[in-house]
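In: return atomic coordinates for the entry below.
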Amino acid sequence: MQGLPGGDARRIHDLALEIITEKQPVRVWPLLMARLTADLPCDLAVLIDLDWNAGTGHALTGSPDWLHEAPLDALIHAHMRSHPLLRHYAHTRDKTPLTMDEVADDRWWKGEAYRAGKEAIGIDRQLALPLSAGPGRIRGIIMSRSGLGFSDRDLEYAALARSLLDTVEANETAVLAYRGPADPAEYKITPRELAVLTLLCEGLTARAIATRLAITPATVTKHTENIYRKLVVHDRVSALRKAHSLGLVPAPRPNPDAEPPSPVR
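Out: Here you go, the predicted model:
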């Protein structure tokens with residue numbers, strides 16, 4: 001951290017401390033995304049997971065919260081293979097954070113993919129933090145800002161932030177202990193929605209969930225509505241029963257102190 005200005009070194013230190021000491025694994029990715037957008041700073045950050053060979057992929061989570069309503073998956077499906085940063089990581093398996101300015105030529109800035117992204121979510125300059133992924137897959141964080149490109153200082157910060165991502169991945173693995181065996185992606189449930197669903201299963205109110213995940217109650221309500229729609233249910237009780245039956249969250253543990261039910265007569 002000696003090469004970074006004192007403020008940046010402190011930000012990286014504080015972020016690492018927050019990740020390591022966070023008691024709720026479901027908060028780790030939202031915490032990281034929010035901090036990256038604030039510390040660089042940038043306008044938005046998106047965690048993506050792509051199957052390069054199949055030409056498909058998903059935006060798993062992002063910051064700010066309005067990105068959850070943006071057509072990110074449609075942009076990915078339409079333009080991922082023409083995206084210079086994604087092409088670079090697909091072909092080289094490089095793990096170095098890079099900017100769009102380092103890998104793109106005039107064809108990108110004049111092309112349909114750039115125009116589509118700028119029109120849909122305002123992306124302009126981009127910086128990628130790649131994560132480890134299996135053969136044929138790309139996983140990482142794409143950060144964007146309007147106007148100004150990323151500086152050498154930004155790249156130094158990104159390189160150090162990238163060093164924390166293995167810790168974040170370990171925390172994400174911890175989330176598996178709180179859910180069932182089903183794959184949430186099969187039901188198009190994002191990590192943020194799974195976090196909300198997990199806390200709904202604990203009986204928390206929207207306000208309590210908002211506090212736990214550092215988001216607003218209105219955002220919790222929107223995520224809850226998305227969960228209901230994806231599970232094809234209309235209320236919390238039905239959502240929890242469906243989530244349990246599908247294996248998205250663990251079945252409720254029996255309470256050893258509860259009285260046995262009365263026999264049916």
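In: C-alpha from now on. contacts and neighbour counts both.
Out: Will do.
In: count of residues packed around residue 50?
Out: Using other Cα atoms under 10 Å, residue 50 has 22 other residues around it.
In: what about the helix or strand hosting it, average pLDDT?
Out: According to DSSP states H and E, residue 50 maps onto strand 44-51. Summarised as a single mean, pLDDT over strand 44-51 is 92.
In: partners of it in the sheet?
Out: Strand 44-51 pairs in its sheet with strand 56-63 (antiparallel), strand 137-145 (antiparallel), by DSSP bridges.
In: helix or strand right after the helix or strand bottoming out on mean pLDDT in the chain?
Out: Least confident helix or strand of the chain, by mean pLDDT, DSSP states H and E, is helix 165-175 with a mean of 60. Counting by DSSP H and E, the next helix or strand C-terminal to helix 165-175 is helix 191-201.
In: now for the helix or strand following that next one, which elements pack on it?
Out: Next in sequence after helix 191-201, counting helices and strands by DSSP H and E, comes helix 206-213. In terms of contacts (3 or more Cα pairs under 8 Å, 6 or more residues apart in numbering; DSSP states H and E), helix 206-213 is packed against helix 191-201, helix 217-231.
In: how far out from the middle of the chain is helix 206-213?
Out: Its chain's average C-alpha position is 18 Å from that of helix 206-213, according to Cα atoms, centre = their mean, to the nearest Å.
In: between that helix and helix 191-201, how big is the angle?
Out: 130 degrees (axes from the mean of the first three to the mean of the last three Cα atoms, to 10 degrees).
In: centroid residue for this protein?
Out: For the chain, the residue nearest the mean C-alpha position is residue 61 (2.7 Å; Cα atoms, centre = their mean).
In: so what's the residue count around the residue nearest to it when sequence neighbours are not counted?
Out: Distance criterion Cα to Cα, 6 or more residues apart in numbering; nearest residue to residue 61, sequence neighbours excluded, is residue 47 at 5.4 Å. As a burial measure, residue 47 scores 21 neighbours (other Cα under 10 Å).
In: having no further points to raise, I will conclude here.
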